[in-house]
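**Student:** Take this sequence and fold it.
(one chain, ligands or ions: 1)
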Amino acid sequence: MTGRGGGSDRSSPAAPAPRRAARPRRSGVAAPETPQATTGEIHQRDGHRCARCGQRSQSVQHRIHGDRTDNRASNLVALCGDGTQGCHGWCESHRRDARTLGWEVSKYRRQDTTEITVYYVNHPLSPGRPAWIRLRDDLTAELAEYA
Ligand SMILES: [Zn+2]
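**Tutor:** Numbers count the residues shown, from 1 in each chain. Down below sits the predicted model:
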């Protein structure tokens, strides 16, 4: 350690050198709103496979039930069928079971869809093997754990 010009005052520890990195980064771009994903982007993110059965995905489910305007990527999951048929229909008629697998998220508990992992039977991050996937709003996803 080098002295800081005297350094006899032991009661006050040397202040750390000022660092400019503490300043919030400004890229010149306005802070983005949470981006809204399109249906096509969700099918692509999910490998065009239904999260539940692995067949070709045909629709996108809103995990938080009842708010079709919330199109954050973490709120959307690709499924086969539609609101009444296939796995999407299954989720609509088995909401409690769908919740245990992350395909549905309670709107009453104010849960964060980026933190509640989603079960995928065959996600691109875990080909051919069921896994729990964490979805982010920038359309990326992360393998949380194998199921
Ligand atoms: Zn399916």
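
**Student:** Low-confidence bits of this structure, can you list those?
**Tutor:** Within the chain, the stretches with pLDDT under 70 are 1-32.

**Student:** can you map out the strands along it?
**Tutor:** 59-62, 76-79, 118-120, 131-135, 141-146 (DSSP state E).

**Student:** Out of those strands, flag the one nearest Leu101.
**Tutor:** Among the strands of the chain, the nearest to Leu101 by Cβ to Cβ is strand 118-120 (4.1 Å). Any C-beta I mention is one placed from the backbone N, CA and C, and that applies to glycine too.

**Student:** need the strands of the chain in TSV with mean neighbour count and distance to Gly47, can you?
**Tutor:** Shown next, in TSV, are these (neighbours: other Cβ atoms under 10 Å; distance: least, Cβ to Cβ, whole Å):
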stretch	mean neighbour count	distance to Gly47
strand 59-62	21	13
strand 76-79	28	8
strand 118-120	24	9
strand 131-135	22	11
strand 141-146	14	10
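
**Student:** possible to save these as JSON lines with distance to the ion?
**Tutor:** Shown next, in JSON lines, are the strands of the chain (distance: least, Cβ to the ion, whole Å):
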{"stretch": "strand 59-62", "distance to the ion": "10"}
{"stretch": "strand 76-79", "distance to the ion": "6"}
{"stretch": "strand 118-120", "distance to the ion": "11"}
{"stretch": "strand 131-135", "distance to the ion": "16"}
{"stretch": "strand 141-146", "distance to the ion": "18"}
